[in-house]
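Student: Pasting the sequence and the predicted model now:
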Amino acid sequence: MRIPGLKFLRKSMGHLRDSVFPGGIILMYHRVTEYDCDPWGNCVSPACFKEQLEVINRLARTFRLGEMTDSLECGKVPGHGIALTFDDGYADNYQVARPLLEAQDTPATFFLVSGRIGSRNPYWWDDLAGILLQPSRIPESLEITLRGERHELHFGPAAIYSANDRQADHGIRVWAAKPGSRMNLYYRIWKLLRSLTRDERNIVLDEIRQWAGETPSRVAGQVTITGAEAHELAADGLIEIGSHSRFHPSLPDLDASRQRREIADSRTALEEIIGQPVRSFAYPYGDYGQETPGLLKEEGYARACTIIPRHVRRDDDPYLLPRFAVSDWNGDEFEKRFFKLLPF
């Protein structure tokens, strides 16, 4: 006998169950390294990363990202399931993170920016940090013109940045920086530069570097994973290679045709390098437009990760997967955040 409203009740109970007993977790990393200038909190020390892996493998089950989305298609999420992802393809992902992952047989997905494979030049946000977040004295005001619009920034006391100031800023994230501080200045300029094209941004960065009296950034060794390393990672089966676009733009700032080029060209380039299909994508900056998920599907991707911080639920769109960002927490702090305080 059909009971009116039973389907709605079952659906409501399913949503309630998912909210009380959340599904899997996708973790977002960027770097595994000791780094003294980390305004975004993207660096996890090798010691802390090792402890985090120990906690994960003791209390949860690790899944490849594709396995997580396959479960979604079946209307479920792996219980106590965790998938690890790394954005930007920094060289330390291969040099430091990979051996630690291998030691504990933990799979992960490395999202690479295809146009920066094997680059020896810093990412622009790291370049800007090198200019502004080192002890220095800079002029008290900056005037820059971006796409015909003039911007004037006044810094006051932040024009002087001492070693003590830098030490005091250690651990402070840019979005929480005190107004008028050097860290806040960095964030204000970062927001102005983010939507520019790569060529436009390079010109402005050179102007800011000259204004600050800095020399071009020098990097010892490559900044990002090389093509040979990416091929090796994909071949051993533990690490999946995914796309993080061609040049890391904010996709909603591009029209649909340019978004498609960033999405499609990156996949093509990575597949040529690793000799395997590339099915996973991570949105640069976590940004996507209304049309972006559809473009990914049309270009052959099976899934995409955002930076929305919550658990994966069984009704999630595979092109809008949520992720939790991980910081430099030791094992105890990591366990508290993901296993003791959350009903996981």
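Tutor: Happy to help now that I have it.

Student: what residues are up against the most centrally placed residue in the chain?
Tutor: In the chain, the C-alpha nearest the mean C-alpha coordinate belongs to residue 87, at 4.2 Å (CA atoms, centre = their mean). Residues touching residue 87, when contacts are defined by CB atoms under 8 Å, 6 or more residues apart in numbering, comprise 28-30, 111, 244, 282. Quick note: C-beta positions are derived from backbone N, CA and C, even for glycine.

Student: Tell me which two of those residues sit farthest apart.
Tutor: The widest separation within the contacts of residue 87, taken as CB to CB, falls between 29 and 244 and amounts to 12.8 Å.

Student: And the pLDDT at the residue nearest to the centre of the chain?
Tutor: Looking at residue 87, its pLDDT is 98.

Student: what pairs with it across the strands?
Tutor: residue 111 (DSSP bridges).

Student: now the helices: where do they sit in the stretch 151-300 of the chain?
Tutor: Assigned by DSSP state H, counting those that start in this stretch, the stretch 151-300 of the chain shows helices spanning 163-169, 182-193, 198-212, 227-236, 256-274, 292-298.

Student: would you list those helices in CSV and tack on mean pLDDT, mean neighbour count and distance to residue 82?
Tutor: Formatted as CSV, the helices of the stretch 151-300 of the chain follow (pLDDT from 0 to 100; neighbours: other CB atoms under 10 Å; distance: least, CB to CB, whole Å):
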stretch, mean pLDDT, mean neighbour count, distance to residue 82
helix 163-169, 89, 14, 32
helix 182-193, 96, 19, 31
helix 198-212, 95, 15, 34
helix 227-236, 97, 16, 20
helix 256-274, 98, 18, 24
helix 292-298, 98, 18, 23
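
Student: Pipe those helices into TSV and attach distance to residue 142 per row.
Tutor: Output for those, formatted as TSV (distance: least, CB to CB, whole Å):
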stretch	distance to residue 142
helix 163-169	18
helix 182-193	8
helix 198-212	6
helix 227-236	38
helix 256-274	29
helix 292-298	33
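
Student: follow-up on the earlier one: from the contacts of residue 87, which ones fall inside strands?
Tutor: Under the assignment DSSP state E, the contacts of residue 87 contribute 28-29, 111, 282 to strands.

Student: which one among the residues you listed gets closest to residue 231?
Tutor: Ranking the ones in strands among the contacts of residue 87 by separation from residue 231, with CB to CB as the measure, puts residue 111 on top at 16.1 Å.

Student: contacting residues for residue 31?
Tutor: Neighbours of residue 31 in contact, by CB under 8 Å, 6+ apart: 42-44, 88, 90, 92-93.

Student: Quick one: buried ones out of those residues?
Tutor: 42-44, 88, 90, 92-93 (16 or more other CB atoms under 10 Å).

Student: where exactly do the strands run in this protein?
Tutor: Read by DSSP E, the chain holds these strands, from start to end of the chain: 25-29, 31-32, 43-44, 61-62, 81-87, 108-112, 136-137, 141-146, 149-154, 160-161, 239-243, 280-282, 303-305, 324-325.

Student: is it true that residue 140 touches residue 154?
Tutor: Yes - between residue 140 and residue 154 there is a contact under CB atoms under 8 Å: 6.5 Å.

Student: low-confidence ranges in this structure?
Tutor: 1-22, 216-221, 340-344 (pLDDT under 70).

Student: Break it into its domains for me.
Tutor: Domain ranges of the chain: 18-121+221-340, 124-212, per automatic domain parsing.
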